[in-house]
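Participant: I'd like to go over a predicted model; first the sequence, then the structure.
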Amino acid sequence: MPHDEAFGSPLYFARVARTIARRGSLTPQQDADFAQAVWRMSFIAQKRDEGRWLEAHKVYIGYLTNFINSKEIFVPFYLACVFPGRAVLEDAMTIADAIVLEPGHALCLSGSTTFLGRLASGSDLDFCEYYTSAADGICAAIETKSGGSGPIWLTSFKAGGEPIRVPSRGHAARIATALADCPPDRPAQRFKLNFVSIFGSFGDMPVTSVVLPMAADDPEGGNAEHSFAFQEAVISGAAPGRSLLNAAAFARYALWLKNEVRVWCDEPERKAPLKSLKRALSVFLLLGYPLDHSHYGGETSEDLVDVILARLNAREMIWLANSLRIHDLRMQVADFDDETFDGLRSRLDVEAEEQLDAADVDGMLAGVREIAEALMLILNDLFDRAGELP
């Protein structure tokens with residue numbers, strides 16, 4: 001056990017992040033200590049998920065695992081306490097099978113979608129695909145998703161510029177041009193595919209898949225910089241390509257989240273407090289708050305996460321998330337003038353009729369912003385106290 005009284009606590013993980021931010025890397029011994037901390041926390045996190053069935057993986061250290069319909073899934077240890085159960089995962093995996101460009105790629109649930117074990121609702125489903133096949137097959141793979149008959153439709157492709165509607169006149173040639181516009185050290189430009197799903201327990205839902213063309217032998221290079229392995233649960237049956245023992249990647253994600261809490265606190269737009277609170281939930285989970293049994297997490301670490309979740313599950317916040325979902329779906333299908341989405345449009349019109357008192361919503365959002373600001377102060381205090389590893 002490393003000679004650090006805070007080992008494995010939020011204070012320790014904040015100390016790792018600060019040390020890497022200041023020095024650029026850890027010593028070999030500190031790297032080994034970080035790996036031991038991740039290994040230890042993954043065992044503490046076992047069976048803390050909704051179904052009490054995720055277990056620490058013995059090879060892919062830091063991931064929890066089990067099988068659904070003969071497919072092995074890999075969940076970062078700190079997400080166990082918020083990760084969705086089997087019923088939700090089965091529907092998510094069906095959607096994943098429909099949107100993955102190449103079977104065998106690591107396709108991950110990403111972002112706040114991984115919180116659906118404790119969140120009452122979400123405004124979209126986020127996925128990330130590590131595309132390790134030959135880049136010259138991307139256009140053909142995208143084309144196989146074009147013009148489907150449901151219940152999941154590809155509606156657009158985006159790589160930096162304006163979205164390209166799919167299908168639309170000349171979309172394949174424009175997609176090929178966008179993919180080629182990338183640095184020479186990358187197989188192709190990263191891109192996002194937008195889908196509309198009317199499948200299963202999720203109902204009418206926007207679905208996004210960020211696709212990262214990667215060299216199979218360089219899982220941390222190139223387009224990997226545009227994603228964080230720590231926020232991704234691999235559910236496609238493939239093994240993780242990236243390691244959770246990468247302390248530099250951990251630090252990059254922790255510090256990015258901490259900054260995002262502040263950035264969204266300062267944003268004036270209506271959804272900003274919701275985004276800030278979700279980022280705060282992510283960083284407190286990442287630092288190990290629900291797994292912390294020391295005094296280094298501040299008041300009661302687990303209660304702090306429960307407070308955040310209670311606010312996110314408040315009636316007004318559920319309504320706001322639902323409003324964002326309706327708006328996103330309407331935008332996605334606005335340019336389709338055929339009858340494909342008439343039923344969807346009608347359902348959205350009915351849903352949009354549910355209105356809450358604007359003053360109640362604004363009052364809740366003001367309270368959420370205050371909580372996010374208080375959480376920012378807790379984070380600042382934690383990182384200030386953490387200092388650096390010796």
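Facilitator: The structure has been received and is ready for your questions.
Participant: Against which helices or strands is the longest helix anywhere in the chain packed?
Facilitator: Longest helix in the chain, counting residues (DSSP state H): helix 358-386. Helix 358-386 makes packing contacts with helix 10-23, helix 247-266, helix 272-286, helix 301-312, helix 315-333 when contacts are defined by 3 or more Cβ pairs under 8 Å, 6 or more residues apart in numbering; DSSP states H and E. Where you see a C-beta, it was placed from the backbone N, CA and C, and this is true even at glycine.
Participant: So which bits of that helix are buried?
Facilitator: Neighbour counts over helix 358-386 (16 or more other Cβ atoms under 10 Å) mark 361, 364-365, 368-369, 371-372, 375-376, 378-379, 382-383, 386 as buried.
Participant: now it: how far from the chain's centre is it?
Facilitator: 21 Å (Cα atoms, centre = their mean, to the nearest Å).
Participant: Leaving out sequence neighbours, find the closest residue to residue 344.
Facilitator: Spatially, and ignoring its direct neighbours in sequence, residue 344 is nearest to residue 204 (5.8 Å; Cβ to Cβ, 6 or more residues apart in numbering).
Participant: so who does the one you found touch?
Facilitator: For residue 204, the contacting residues are 196-198, 325, 329, 344, 347-348, by Cβ atoms under 8 Å, 6 or more residues apart in numbering.
Participant: from those, which single one is nearest residue 75?
Facilitator: Proximity of these to residue 75 (Cβ to Cβ) peaks at residue 197, which lies at 21.9 Å.
Participant: How far does stretch 250-267 sit from its chain's centre?
Facilitator: On Cα atoms, centre = their mean, the centre of stretch 250-267 falls 14 Å from that of its chain.
Participant: Convert that stretch to CSV, retaining C-alpha atoms only.
Facilitator: Output of stretch 250-267 as CSV, limited to C-alpha atoms (Å, rounded to 0.1, in the frame of the first residue of the first chain):
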residue,chain,number,x,y,z
PHE,A,250,-7.6,10.3,-16.1
ALA,A,251,-6.1,13.6,-15.2
ARG,A,252,-7.1,15.2,-18.5
TYR,A,253,-10.7,14.0,-18.0
ALA,A,254,-10.9,15.1,-14.4
LEU,A,255,-9.6,18.6,-15.1
TRP,A,256,-11.8,19.0,-18.2
LEU,A,257,-14.9,18.1,-16.1
LYS,A,258,-13.9,20.5,-13.3
ASN,A,259,-13.5,23.3,-15.8
GLU,A,260,-16.8,22.4,-17.5
VAL,A,261,-18.7,22.8,-14.2
ARG,A,262,-17.4,26.4,-14.0
VAL,A,263,-17.9,27.1,-17.7
TRP,A,264,-21.6,26.0,-17.7
CYS,A,265,-22.1,27.9,-14.4
ASP,A,266,-21.2,31.1,-16.2
GLU,A,267,-23.3,30.4,-19.3
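Participant: Show me the contact partners of it.
Facilitator: Residues outside stretch 250-267 that contact it (Cβ under 8 Å, 6+ apart): 13-14, 16-17, 19-21, 34, 228, 230-231, 244, 272-273, 275-276, 279-280, 282-283, 286-287, 369, 372-373, 375-376, 379, 383.
Participant: Narrow these to just the buried residues.
Facilitator: 13-14, 16-17, 19-20, 34, 228, 230-231, 244, 272-273, 275-276, 279-280, 282-283, 286-287, 369, 372, 375-376, 379, 383.
Participant: Give me the angle between the longest helix of the chain and helix 247-266.
Facilitator: Angle between the axes of helix 358-386 and helix 247-266 is 140 degrees (criterion: axes from the mean of the first three to the mean of the last three Cα atoms, to 10 degrees).
Participant: Do you know the pLDDT at residue 298?
Facilitator: We have a pLDDT of 43 for residue 298.
Participant: Likewise for residue 269?
Facilitator: For residue 269, pLDDT reads 89.
Participant: May I have the secondary structure class of it?
Facilitator: Following DSSP: H, G, I helix; E, B strand; the rest coil, we place residue 269 in the coil state.
Participant: And for it, the neighbour number?
Facilitator: 8 (other Cβ atoms under 10 Å).
Participant: Tell me the spacing between it and residue 124.
Facilitator: Separation of residue 269 from residue 124 (Cβ to Cβ, to the nearest Å): 17 Å.
Participant: angle of the lowest-mean-pLDDT helix or strand in the chain against helix 272-286?
Facilitator: Least confident helix or strand of the chain, by mean pLDDT, DSSP states H and E, is helix 301-312 with a mean of 84. Computed by the same axes, to 10 degrees, the angle separating helix 301-312 from helix 272-286 equals 160 degrees.
Participant: how distant is helix 301-312 from the center of its chain?
Facilitator: For helix 301-312, the distance to the chain centre is 18 Å (Cα atoms, centre = their mean).
Participant: what does it contact?
Facilitator: With contact meaning Cβ under 8 Å, 6+ apart, helix 301-312 is reached by 10, 81-82, 118-120, 274, 277-278, 280-281, 284-285, 289-290, 292, 297-298, 317, 367-368, 371, 375, 378.
Participant: could I get it in PDB with only the CA atoms?
Facilitator: Only the C-alpha atoms of helix 301-312 are listed here, as PDB (Å, rounded to 0.1, in the frame of the first residue of the first chain):
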ATOM      1  CA  SER A 301     -19.500  11.700   0.100                       C
ATOM      2  CA  GLU A 302     -22.300   9.400  -0.900                       C
ATOM      3  CA  ASP A 303     -24.900  12.000   0.200                       C
ATOM      4  CA  LEU A 304     -23.300  14.600  -2.000                       C
ATOM      5  CA  VAL A 305     -23.900  12.500  -5.100                       C
ATOM      6  CA  ASP A 306     -27.500  11.800  -3.900                       C
ATOM      7  CA  VAL A 307     -28.100  15.500  -3.700                       C
ATOM      8  CA  ILE A 308     -27.000  16.000  -7.300                       C
ATOM      9  CA  LEU A 309     -29.200  13.100  -8.500                       C
ATOM     10  CA  ALA A 310     -32.200  14.400  -6.500                       C
ATOM     11  CA  ARG A 311     -32.000  17.700  -8.300                       C
ATOM     12  CA  LEU A 312     -31.500  16.200 -11.700                       C
END
